[in-house]
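>>> Need the 3D shape of this:
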Amino acid sequence: MDEENVSTLAGREEIPGKVYPMWVENVAFLGAVGGAIILGQWIWLESGWASVYQWAASICGLPLFALFATEAVGRMVQSVHMRQS
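Numbers count the residues shown, from 1 in each chain. Got it, this is the predicted structure:
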């Protein structure tokens, strides 16, 4: 495969040797999972919500919270990374 025809999926210019800071996204993911666990404990032990709301928050709300938080941090990191290139 010749290097002239290779490009990224988004069609942007990549600088060889510039490493993407994946560790920031990994830390954000672990933080979001930890936050969801702590929030889940609060929901079940101290919130006083009805059982149906506790189940809905645990099954739907907390995973979505972790997903959205991680995605937001990832997009911010990517934006900063692209501006620095």
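>>> now residue 39: how far from residue 65?
Noted for residue 39: a distance of 7 Å to residue 65, by CB to CB, to the nearest Å. Using the backbone N, CA and C atoms, a C-beta is placed for each residue, glycine as well.
>>> pLDDT below threshold where in this protein?
1-6, 12, 14-15, 17, 85 (pLDDT under 70).
>>> For the strand or helix carrying residue 26, list every residue counted as buried.
In the assignment (DSSP states H and E), residue 26 maps to helix 22-45. Using 16 or more other CB atoms under 10 Å as the test for burial, helix 22-45 gives 25, 28-29, 32, 36, 39-40, 43.
>>> Return the residues in contact with the residue nearest the centre of the chain.
By CA atoms, centre = their mean, the chain has its centre lying nearest to residue 70, at 1.5 Å. The neighbourhood of residue 70, defined by CB atoms under 8 Å, 6 or more residues apart in numbering, consists of 25, 28-29, 32.
>>> CA atoms only: put the one helix or strand it maps to into PDB for me.
According to DSSP H and E, residue 70 maps onto helix 62-84. C-alpha atoms of helix 62-84 as PDB (Å, rounded to 0.1, in the frame of the first residue of the first chain):
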ATOM      1  CA  LEU A  62     -26.400   5.700  35.300                       C
ATOM      2  CA  PRO A  63     -25.000   4.000  32.200                       C
ATOM      3  CA  LEU A  64     -26.100   6.900  30.000                       C
ATOM      4  CA  PHE A  65     -24.500   9.300  32.400                       C
ATOM      5  CA  ALA A  66     -21.200   7.400  32.200                       C
ATOM      6  CA  LEU A  67     -21.400   7.200  28.400                       C
ATOM      7  CA  PHE A  68     -22.200  10.900  27.900                       C
ATOM      8  CA  ALA A  69     -19.600  12.100  30.400                       C
ATOM      9  CA  THR A  70     -16.900  10.000  28.800                       C
ATOM     10  CA  GLU A  71     -17.900  11.000  25.300                       C
ATOM     11  CA  ALA A  72     -17.900  14.700  26.300                       C
ATOM     12  CA  VAL A  73     -14.400  14.500  27.700                       C
ATOM     13  CA  GLY A  74     -13.200  12.600  24.700                       C
ATOM     14  CA  ARG A  75     -14.500  15.200  22.300                       C
ATOM     15  CA  MET A  76     -12.900  18.000  24.400                       C
ATOM     16  CA  VAL A  77      -9.600  16.100  24.300                       C
ATOM     17  CA  GLN A  78      -9.800  15.600  20.600                       C
ATOM     18  CA  SER A  79     -10.600  19.300  20.000                       C
ATOM     19  CA  VAL A  80      -7.600  20.400  22.100                       C
ATOM     20  CA  HIS A  81      -5.400  17.800  20.400                       C
ATOM     21  CA  MET A  82      -6.500  19.000  16.900                       C
ATOM     22  CA  ARG A  83      -5.900  22.700  17.800                       C
ATOM     23  CA  GLN A  84      -2.400  22.000  18.900                       C
END
